[in-house]
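1. dropping a prediction and its sequence here:
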There are 2 protein chains.
Amino acid sequence: MSSRLGAIEFRHLRYFTAVAEARSFRAAAQQLHVSQPPLTRQVQQLEELLGVVLLERQPRGVELTAAGAVFLEEARNLLALAEQALDRTQMAAQGQLGRLDVGVYGSAVFDAIPRVIQAFRVAHPKVEVVLHNLDRAGQIKALRERRLTVGFNRFFIEEPDLVWDVVLAEALNVALPAGHRLADRSRLTIADLSGEAMVVYPRSPRPGFIDQVLGLFHRRHLTAQVVQEVDDVVTAIALVSSGFGLTMVSDSALNLRLPGVVYLPLERNEALIDLCMIRRIDDDSALLRAFIEVARTVLPPLPDELAGAR
Amino acid sequence: MSSRLGAIEFRHLRYFTAVAEARSFRAAAQQLHVSQPPLTRQVQQLEELLGVVLLERQPRGVELTAAGAVFLEEARNLLALAEQALDRTQMAAQGQLGRLDVGVYGSAVFDAIPRVIQAFRVAHPKVEVVLHNLDRAGQIKALRERRLTVGFNRFFIEEPDLVWDVVLAEALNVALPAGHRLADRSRLTIADLSGEAMVVYPRSPRPGFIDQVLGLFHRRHLTAQVVQEVDDVVTAIALVSSGFGLTMVSDSALNLRLPGVVYLPLERNEALIDLCMIRRIDDDSALLRAFIEVARTVLPPLPDELAGAR
DNA sequence: GGCTGCGATACCGCATCGGTATCGTCCCGG
DNA sequence: CCGGGACGATACCGATGCGGTATCGCAGCC
């Protein structure tokens, strides 16, 4: 704990290093823009603190002792490391260094989130980005416990200590088996799906994507024919692939290509599904600000083109 | 060159580290045995010098910012390294750390020198010992050019800037072919060897072992029958092994066992051969002093037992 | 609402910094 | 052989800035 470092300061290292490198007090004094006596005094003091003679004073300048050569190397190293420490701290203050824990969940991991993460990694290469697969409740818990900096999720839920931002509105698509009677249409409406066998997800957490999808039917006084509830979009599409029925997926899930699965867009005005970012209301770290900025830049501010791009 | 390190001192690191670890200015002040205001001031100054806010002042102590956490790690590292720098410098001052370049030459490398080196390595494990095979002239040159700290050699030659110490006096032995007419004797005299076919070494540098051996004959008004001059003891013994004749070797060379070679000791009063250590007269480094001390301890101060031990 | 504990601020005495002037010493040239 | 010049060390001085005491402002809490 209490060290023998005593009263040694960087000034001693700077002065000694200059003198040792110049092999002269006077020359070092010029380089440092100070007069010569302070150098003599600081080096003397350093030697006294160390209990070691570092320089051999000679009529024509100074020579290093063996211990002095060792200390010179150490001092140079320390000074260089101190500079690096400054750099790293200033980078951290600008959000260019550190660690960002990101919670991810659901179909957005197949497109929107990777695009954001990738862009952030390019812009902030020294930041370690760690992804955590957590559902909404897990993200909220982890955020409160500081294990997470930001979470991506669907659906907006009010919490006093957290804030949500909608960062993307994705269109909905219908995934259906290749041989399905609707598979040759170019786009579909909710009404087209009334009474069709459907796979829905996720079973939990509630409310979730499943409720939003079912709500689309109820709002139109239509009935959804749920043949299977599953946990996630991948399982749902796997069941579609084996002919169980159809399911609804966001644009991001279009990257999931399984054999015998056809994706058709819903009419654009039928439904949009939000992608939200959740974070602590009191977190104003530069890292998070930078991440939000990247997310806003990467994700299109308006859903139009995405919905059209299928 | 000129750094952004500015006026940052170890004091700033020590104070900040204490505050950051205690999560409190007051608690840190107690641990450091100073009052609280200086801590506030030093940390403020550090933040100003860095241009970065390191701590979030809160009603119940302080919290680290992201940049503060980075700087804390850096500061701890720097302080630990500074301690190590002190240790290493002080070890160097005591001759326990550094590099020792040792010149070796001749038959002593087969016994006496390895014993010294081994003992020194045990006593000073952090000192890097580098051996250089150099003849006497090479050692003298390397010593003057500071490429060598100490050299082992035979024969004492006065030099103004160098000092020699005799560290060992070894007895002489005769190496002769197994079938030689003298091979069944238990010990020999110079007179016994008069007129015998001899291999002698080294051809250079002169004067050298060769001259000392030949001098033994001349001094007794005997003649040495030189059949071959070679460069080194190994070659000489190889020739003995193949029946060329006999040769003279020091005790150290007795470790060289070649088939068909018999070693017989010379009468002890016939001749002794010195092993010398050469060094700069102005080199009073702790490392060299320690090495000399080890050499004196390891090598027997009197030749008697060695001569008798064969 | 007063109490308590926190960090920040104001101010003070003094240690210590860097500056100027000078000394002692050695090298070197006339 | 002696004087000039360059080096590091020393003496001394003013100013900076350290750490100290006293106090403020503020927030949480009984």
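-> Alright, I've got the coordinates.
2. avg pLDDT for the strand ranked longest in chain A?
-> As assigned by DSSP state E, the longest strand anywhere in chain A is strand A:162-177. The pLDDT scores in strand A:162-177 average 93.
3. show me what counts as buried in it.
-> Neighbour counts over strand A:162-177 (16 or more other C-beta atoms under 10 Å in any protein chain shown) mark A:162, A:164, A:167-177 as buried. For every residue, glycine as well, the C-beta is placed using N, CA and C.
4. same question for stretch A:270-285.
-> Result for stretch A:270-285 [16+ other C-beta under 10 Å]: buried residues A:270-280, A:283, A:285.
5. look up the closest residue to A:L168, ignoring the ones flanking it.
-> A:L275 (4.0 Å; C-beta to C-beta, 6 or more residues apart in numbering or on different chains).
6. distance of the residue with the largest distance to the centre of chain A from A:S24?
-> Most distant from the centre of chain A: A:P59, at 60.9 Å, with distances by C-alpha atoms, centre = their mean. According to C-beta to C-beta, to the nearest Å, A:P59 and A:S24 sit 12 Å apart.
7. cool, and A:Q118?
-> Distance from A:Q118 to A:S24, by C-beta to C-beta: 55 Å.
8. how about the helices in the stretch 51-200 of chain A?
-> Taking DSSP state H, counting those that start in this stretch as the criterion, the stretch 51-200 of chain A carries its helices at A:66-93, A:112-123, A:136-144, A:190-193.
9. I'd like those as CSV, with distance to chain B and mean neighbour count appended.
-> As requested, the helices of the stretch 51-200 of chain A are exported to CSV (distance: least, C-beta to the nearest C-beta, whole Å; neighbours: other C-beta atoms under 10 Å in any protein chain shown):
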stretch, distance to chain B, mean neighbour count
helix A:66-93, 3, 20
helix A:112-123, 16, 18
helix A:136-144, 16, 18
helix A:190-193, 46, 18
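10. could I get those helices as TSV with distance to A:F156?
-> Shown next, in TSV, are the helices of the stretch 51-200 of chain A (distance: least, C-beta to C-beta, whole Å):
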stretch	distance to A:F156
helix A:66-93	31
helix A:112-123	16
helix A:136-144	10
helix A:190-193	22
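11. please identify which of these is closest to DNA strand C.
-> Closest to DNA strand C of the helices of the stretch 51-200 of chain A, according to C-beta to the nearest atom of the strand: helix A:66-93, at 15.4 Å.
12. and the residue nearest to A:L168, what helix or strand is that in?
-> Taking DSSP states H and E as the criterion, A:L275 maps to strand A:272-280.
13. how about A:R296?
-> Assigned by DSSP H and E, A:R296 belongs to helix A:286-298.
14. quick one: mean pLDDT over that helix.
-> Helix A:286-298 comes out with an average pLDDT of 94.
15. for A:L39, what are its contacts?
-> With contacts defined as C-beta atoms under 8 Å, 6 or more residues apart in numbering or on different chains, A:L39 is in contact with A:Y15, A:A18, A:V19, A:F25, A:A28, A:A29, A:L32.
16. contacting residues for the residue nearest to A:S194 when sequence neighbours are not counted?
-> Distance criterion C-beta to C-beta, 6+ apart; nearest residue to A:S194, sequence neighbours excluded, is A:L222 at 4.3 Å. Contact analysis of A:L222 by C-beta under 8 Å, 6+ apart lists A:I190, A:A191, A:L193, A:S194.
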